[in-house]
Structures are given as C-alpha cells and as structure tokens.
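Student: this one's sequence-less:
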C-alpha cells in the first residue's frame with residue numbers, strides 16, 4: 001500500500017507521514033532508508049566541494065583508484081564522487097584497451113599521461129592494476145609481462161609518493177552471489193545492458209582465478225606508502241558513502257566538517273588490506 005495524494009497533501013511534517021503510515025500500515029522503512037542515504041550523500045558531496053577548493057589552492061595532486069570485480073560498484077561510486085565537482089580540476093579516467101603503439105611502450109606510460117596536474121583530482125575507473133588481475137585471468141598478457149609489472153608497480157607508486165602525489169587505492173569487495181544478482185539486473189534492464197561485456201560473462205566462471213590473482217596483488221602491492229583500502233559490503237549505497245568518508249578523512253582541508261556529517265568511515269566496511277581479515281569476495 002502507498003500513500004494517497006490526499007494523505008501526502010495533509011502531512012505537513014515527516015512525523016505526520018509516519019503517523020499516517022502507522023495507522024494505514026504503509027511500509028516506509030525502505031523509503032526512509034533511501035531518504036537518509038540521499039541526505040547523507042548531499043552533505044558528503046558538499047564536503048567534497050570544500051576539499052576540491054582546498055586542493056586547488058594548495059596545488060595538491062590526488063589520484064583515486066577504483067578497483068574490484070566486475071559489477072562491484074566502481075562506476076556508480078565515481079559518479080557520486082564527481083557529481084558536483086568543478087570539471088576543470090577533476091576528471092574520470094577509464095582507458096580502453098591499449099593500441100598497437102601503446103602495446104609496444106612501457107606499460108605505465110599511458111597512465112602517466114593522465115595522472116593529476118597540480119590542483120587536480122583524478123578518479124580512475126580501473127587503472128594500471130588491470131595487469132595484476134584482469135589481464136592474467138583473461139590471458140591478455142603473458143607471464144613475463146605480468147611478473148615484470150608486479151616487480152615494477154611498488155617502485156612506480158613509491159616514486160609518485162616521493163613526488164608528493166596522494167594515491168588512494170580502493171578495492172570494492174562483493175560476494176559471488178551479489179555479483180551474479182547484479183549481472184542479472186544488467187541484462188534485464190535496457191538502460192544497464194551496455195555495461196555487460198564478454199569479460200563480465202567470465203566473471204562467475206573464473207571467480208576462483210580472479211581470487212588467486214587478487215590475493216597475489218594485495219600481498220605484493222600493499223605497502224605503507226600506498227595501502228589497499230577494502231570497501232567490504234554488498235550494499236552499493238553504503239559502499240559509496242563510506243568510501244567518500246574515507247577520502248575526506250585523509251585531508252585537513254579548510255571548512256572540513258562544516259556540513260555536520262561524520263567523516264569517519266565505518267571500520268566494518270572500510271579497512272586496510274590484511275591477510276588475516278575476513279573477506280566476502282573469495
């Protein structure tokens with residue numbers, strides 16, 4: 001049962017709506033949860049506007065990497081991160097497969113070209129870590145290329161750290177059952193069908209192989225200067241809010257906390273990689 005037009009007109013406050021819902025036995029928990037999410041999202045986005053102004057004034061360079069299995073919620077999170085930011089000093093990078101020329105170049109070269117300039121924040125929808133998981137799983141690179149990458153990437157990131165670029169690496173962790181559910185949703189929704197690719201089709205079939213390479217990546221590229229931050233939840237909205245909180249918590253920008261919302265991420269959702277930590281995408 002839903003609210004009638006008359007009931008909505010008669011309600012002047014949120015309390016009035018809740019009273020009507022209780023009397024008429026209208027389920028409102030889902031609606032309240034959605035409204036709470038939207039209110040929190042708006043406040044966090046207002047904090048990001050202040051953060052961006054500060055980054056510009058201080059000429060800081062920030063790169064945020066969004067990694068995870070297919071359908072883990074990377075793109076949806078990036079959309080909320082960037083939604084109200086000035087496009088002149090923020091951008092999304094989602095590189096397509098390398099060209100024939102790029103395949104003959106040093107692997108990191110094409111990523112170096114799109115790293116942030118002073119005062120800029122760049123959101124990577126997948127990154128150089130394609131070579132750590134997707135490429136070896138799908139056979140897009142050979143063993144020698146993979147091994148070379150795994151040796152070079154900590155050194156590459158250490159150079160970025162020494163050059164005062166802030167690098168944040170997210171891994172969005174979802175369960176196998178949740179991935180299957182999201183794949184089915186993509187295929188059944190004409191507006192989302194474009195997201196489903198031949199690589200996605202292999203996601204469930206090659207789940208264990210993805211797990212192996214994911215764990216190899218964590219153990220060899222999680223460092224004190226460039227740690228992996230795990231976003232552990234099957235709830236897309238929770239993943240968006242908590243990852244936003246984490247980024248905001250990393251900077252002491254002017255106007256921080258003016259929105260009144262907590263900027264401390266939930267430690268049950270946001271955590272540094274640790275070999276002994278319980279995971280859901282295994």
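Tutor: Perfect, thanks for sending it. Every value quoted in this text rests on a predicted model; they were computed, and no experiment measured them.

Student: sec struct for residue 123, please.
Tutor: strand (DSSP: H, G, I helix; E, B strand; the rest coil).

Student: Name the residues of the lowest-mean-pLDDT helix or strand in the chain that are buried.
Tutor: For the chain, using mean pLDDT, DSSP states H and E, the weakest element among its helices and strands is helix 198-201, scoring a mean of 72. Across helix 198-201, burial judged by 16 or more other C-beta atoms under 10 Å covers residue 200. Using the backbone N, CA and C atoms, a C-beta is placed for each residue, glycine as well.

Student: what's next to it, contact-wise?
Tutor: With C-beta atoms under 8 Å, 6 or more residues apart in numbering as the contact definition, helix 198-201 has outside contacts at 70, 71, 134, 138, 183, 186.

Student: And the next helix or strand past it?
Tutor: helix 207-221 (DSSP states H and E).

Student: So what touches that following helix?
Tutor: By C-beta under 8 Å, 6+ apart, helix 207-221 touches 69, 129, 132-133, 136-137, 150, 153-154, 157, 171, 176, 203, 228, 273, 275, 281-282.

Student: Tell me the helix or strand right after it.
Tutor: Later in the chain than helix 207-221, the nearest helix or strand by DSSP H and E is strand 228-232.

Student: quick one, whichever helix or strand comes after that next one and strand 228-232 angle?
Tutor: Sequence-wise, the next helix or strand downstream of strand 228-232 (DSSP H and E) is helix 236-249. Relative orientation of helix 236-249 with respect to strand 228-232: 150 degrees, computed using axes from the mean of the first three to the mean of the last three C-alpha atoms, to 10 degrees.

Student: Show me what helix 236-249 is packed against.
Tutor: Applying 3 or more C-beta pairs under 8 Å, 6 or more residues apart in numbering; DSSP states H and E, one finds that helix 236-249 contacts helix 29-58, helix 74-82, strand 165-173, strand 228-232, strand 270-272.

Student: What is the burial count for residue 206?
Tutor: 15 (other C-beta atoms under 10 Å).

Student: How about the contacts made by the closest residue to it other than its chain neighbours?
Tutor: Nearest non-adjacent residue to residue 206, counting by C-beta to C-beta, 6 or more residues apart in numbering: residue 137, 5.6 Å away. With contacts defined as C-beta under 8 Å, 6+ apart, residue 137 is in contact with 202, 206, 209, 210, 213.

Student: and these as CSV, adding distance to residue 104 and pLDDT?
Tutor: Below are the contacts of residue 137 laid out as CSV (distance: C-beta to C-beta, whole Å; pLDDT from 0 to 100):
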residue, distance to residue 104, pLDDT
202, 27, 83
206, 28, 94
209, 28, 96
210, 28, 96
213, 24, 98
